[in-house]
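K.L.:
What follows is a predicted structure for the sequence shown.
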Amino acid sequence: METENHKISELWRREYSSEILQYSRYQITEQFERMAALFAPGESYFYILNMHNLELDYISPSVEKFAGISPENLTMDELLKLALPEEIEKLEKKELVIKDFFCHYLTPSELTKYKIIYSYKMVDHKKRTRVMLMQATPISVSKNNMPMHVFTIHCDITHIAANSTRSVSFVNLQGGKSFYNVPVDKGIFKPTMGSAESDISGSLTTREREIVDLLAQGYGAKQIADHLNLSIHTIHTHRKNVLAKSGCKNTAELIAESMMAGILR
């Protein structure tokens, strides 16, 4: 199992670390920690990975709930060991597609404009299987235009998703062109492989997005109606319209799809 999990770190060392010749530690501020925590709600953890040597320049204390190891004693290899053995092949292919996208498709000026999204399964230190949503974005670039520091959030979405996917999405953080549900079986990226728009992204009104966000936070229809000063009938109508637009069968599927589309944090 250990050898299989090391395939991911070996890929990173081969494709990134070997190209980033100078070490530079990311400087963490208290403001950064507070802001990062806002984007990691519920059962989640976040970190900054230094691609030069795969060290964790920072990792949130909440990781101990998953790994059973205090942040100061945790390494990237220990985190990778949490992934289920049957996920390794998918993760390796996802990372190959990500490398192709960032290093062969994007221009240097675009490297920090995209967020990566995919899901995978892991087992925490209490032997509980969890479905995790991984979101990551480069926050600095090396002199030779390689992603150097990567900010990553892992959120537990077990309550809304039963399985991980064999795809990855690239969401433009500035409203530019995004690529959704790119298949990873071939381990390469081509613009034609994914969809230019998710089933949800771009189709919802501002109010509908607001309601989806509140549903994801666990609000019921009555609570949402009170919060937005609307009738419960209006909330039910909005929910019905959102489900029809997205093609989702229920609220749980809607929330999962919204997360993968980058609508929800």
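P.N.:
Structure received. Quick caveat: nothing in here was measured; it's all calculated off a predicted structure.

K.L.:
so how far is K81 from the spatially closest residue to L82 that is not a sequence neighbour?
P.N.:
The spatial neighbour of L82 that comes closest, neighbours along the chain excluded (CB to CB, 6 or more residues apart in numbering), is M122 at 4.3 Å. C-betas here are computed from N, CA, C, even on glycine. Relative to K81, M122 is positioned 9 Å away (criterion: CB to CB, to the nearest Å).

K.L.:
Sketch out the low-pLDDT regions of the stretch 51-200 of the chain for me.
P.N.:
Regions of the stretch 51-200 of the chain meeting the criterion pLDDT under 70 cover residues 196-200.

K.L.:
Can you show me the strands along it?
P.N.:
Secondary structure of the stretch 51-200 of the chain, counting by DSSP state E, counting those that start in this stretch: strands at 55-59, 114-123, 129-141, 147-156, 167-172, 179-183.

K.L.:
Quick check: phi and psi at I28.
P.N.:
Main-chain torsions, I28, degrees, to the nearest 10: phi -90, psi 130.

K.L.:
Surely it and Y58 touch.
P.N.:
Yes: in terms of CB atoms under 8 Å, I28 counts as a neighbour of Y58; the distance is 4.8 Å.

K.L.:
Looking at these two, which is more packed in?
P.N.:
Neighbour count, other CB atoms under 10 Å: between I28 and Y58, Y58 has more, with 19 against 12.

K.L.:
okay, and the common contacts of I28 and Y58?
P.N.:
With contacts taken as CB atoms under 8 Å, 6 or more residues apart in numbering, I28 and Y58 have I48 as neighbours in common.

K.L.:
quick one: the residue lying closest to Y114 once chain neighbours are set aside from I8, how far?
P.N.:
When the adjacent residues along the chain are set aside, Y114 lies closest to F170, with 5.1 Å between them (CB to CB, 6+ apart). Taking CB to CB as the measure, F170 and I8 are separated by 19 Å.

K.L.:
do P138 as well
P.N.:
Shown here: P138 relative to I8, a distance of 17 Å by CB to CB.

K.L.:
cool, and S119?
P.N.:
With distances taken as CB to CB, S119 is found 15 Å from I8.

K.L.:
more neighbours, those two?
P.N.:
Residue environment comparison for S119 versus I8 gives the larger neighbour count to S119, 24 against 21, counting by other CB under 10 Å.

K.L.:
Who does the closest residue to M193 other than its chain neighbours form a beta bridge with?
P.N.:
If you skip the residues right next to it in sequence, M193 has V182 as its closest partner in space, 5.1 Å away by CB to CB, 6+ apart. Note on V182: beta-bridge partners V168, judged by DSSP bridges.
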